[in-house]
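K.L.:
the following block contains a protein sequence and its predicted model.
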Amino acid sequence: MTLALLTGAACGAGLLLVLAVLLRPHPSLAVQVARHDGLRRSSRRRLLSAAEAAASAAPDRGLLGSSSAVGRLVRALGDRLEVLSAERGWRLRRTRADLAVLGRGTGEFLATKVIAGLLLLLLAPVCWAVLRVSGVPLPSGVPLPLALVLGGLGFTVPDLALRSDAERRRRDFRRVVGVFCDLVAMNLAGGRGLPEALLSSASVSDYWALVRIRQALANARLLGENPWDALGGLGEELAVAELTDLAGALVLAADDGAKIRASLAARAATVRRRDMADVEGEAGEKSQSMLVAQLLLCTAFMVFLAFPAVSNLLGSS
């Protein structure tokens, strides 16, 4: 009876989710405006570094390459899921910011979550059937809860991996922002104007963070926008607070070159001190983890040495 109730509840929840995906609600005006803004941002040109251009020009030979049917199906599923999320007004601000830092698309990530969840959801019944055919006696109520747990894990594990990778990329971006501030200050000291100093500082390397900054500055020049507004928009898109603060400082001190140089030098020093504090904190955490591991090993060794004596004492008594 309990198994039948759980099976019915799972089937009902699955049908409800399918209907929620297939039925198209009427989006509000705010949702339509947000969708239009997202399409406008996605239609901007993107500058590629030499490594990215070489990777994009190389032929795809993997299972998910352009010549693979599985790759085409995954891309079609990703496009469909991205359209559905846009129609329903799902902002996914944190997820979109993490994907923007990693240079990945929203549809690709959503397709990864759905495929991983479905594969792990079907893994438990398949394993149960194989074991039953092999003669291993297993209760019939095992596959359903195990499948639900595995499906939930498959759906949430990509989010955890995305958060970890995005945080590591943001840490690199913060270091680049500090170096970028120093470069801009040196260009200003050499007599260049602020827009030229920003673009020249972003053109010294093809590292991915500088390429993103150079892309934002080039787009601002083509669209007739202020470069600090472009930097602020990039900081909001990538959720990098240091870049947003830099844009705010440039707005406040745009008319005074000397104050800009002093502010940029102080900001670069602050970024370096913060980065050093983060590195020292991570080193302290790893040291504590090693200390705990050593204590556990010592405790296990002491138990191993004392177990025969304790066993003999208990046996003799």
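P.N.:
Happy to help now that I have it.
K.L.:
avg pLDDT for the helix or strand Leu296 falls within?
P.N.:
Using DSSP states H and E, Leu296 falls within helix 257-316. Regarding helix 257-316, the rounded mean pLDDT is 83.
K.L.:
low-confidence stretches in the stretch 1-150 of the chain?
P.N.:
Across the stretch 1-150 of the chain, the ranges flagged by pLDDT under 70 are 1-8, 10-11, 14, 17-68, 87-89.
K.L.:
again, 90 this time
P.N.:
Scanning the stretch 1-150 of the chain for pLDDT under 90 picks out 1-97, 99-112, 114-150.
K.L.:
distance-wise, check Leu183 relative to Ala269.
P.N.:
As for Leu183, its distance to Ala269 is 14 Å (criterion: C-beta to C-beta, to the nearest Å). Where C-beta positions appear, they are placed from N, C-alpha and C, glycine not excepted.
K.L.:
more neighbours, these two?
P.N.:
The neighbour count for Leu183 versus Ala269, taken as other C-beta atoms under 10 Å, is higher for Leu183 (21 against 13).
K.L.:
mind listing what the more buried one touches?
P.N.:
By C-beta atoms under 8 Å, 6 or more residues apart in numbering, the residues touching Leu183 are 200-201, 204.
K.L.:
neighbour-wise, which one of those residues leads?
P.N.:
Ser201 (25 neighbours).
K.L.:
so it, which of the three states?
P.N.:
Here Ser201 takes the helix state, with states given by DSSP: H, G, I helix; E, B strand; the rest coil.
K.L.:
please name the residues that touch it.
P.N.:
180, 183-184, 187.
K.L.:
tabulate these (TSV), appending pLDDT.
P.N.:
Output for those, formatted as TSV (pLDDT from 0 to 100):
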residue	pLDDT
Phe180	91
Leu183	90
Val184	89
Asn187	87
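K.L.:
sort out for me which of the residues you listed are in helices.
P.N.:
Mapping those onto helices (DSSP state H) picks out 180, 183-184, 187.
K.L.:
among the residues you listed, which two are most distant?
P.N.:
Phe180 and Asn187 (10.5 Å; C-beta to C-beta).
K.L.:
what about those two, which has more around it?
P.N.:
Phe180 (26 against 21).
K.L.:
now that one, nearest residue through space, not along the chain?
P.N.:
Spatial nearest neighbour of Phe180, excluding adjacent residues (C-beta to C-beta, 6 or more residues apart in numbering): Ser201 at 5.7 Å.
K.L.:
from Asp245, how far out is the one you found?
P.N.:
Taking C-beta to C-beta, one finds Ser201 at 17 Å from Asp245.
K.L.:
do Leu119 as well
P.N.:
43 Å.
K.L.:
of these two, who's got more company?
P.N.:
More crowded of Leu119 and Asp245, by other C-beta under 10 Å: Asp245, with 16 against 13.
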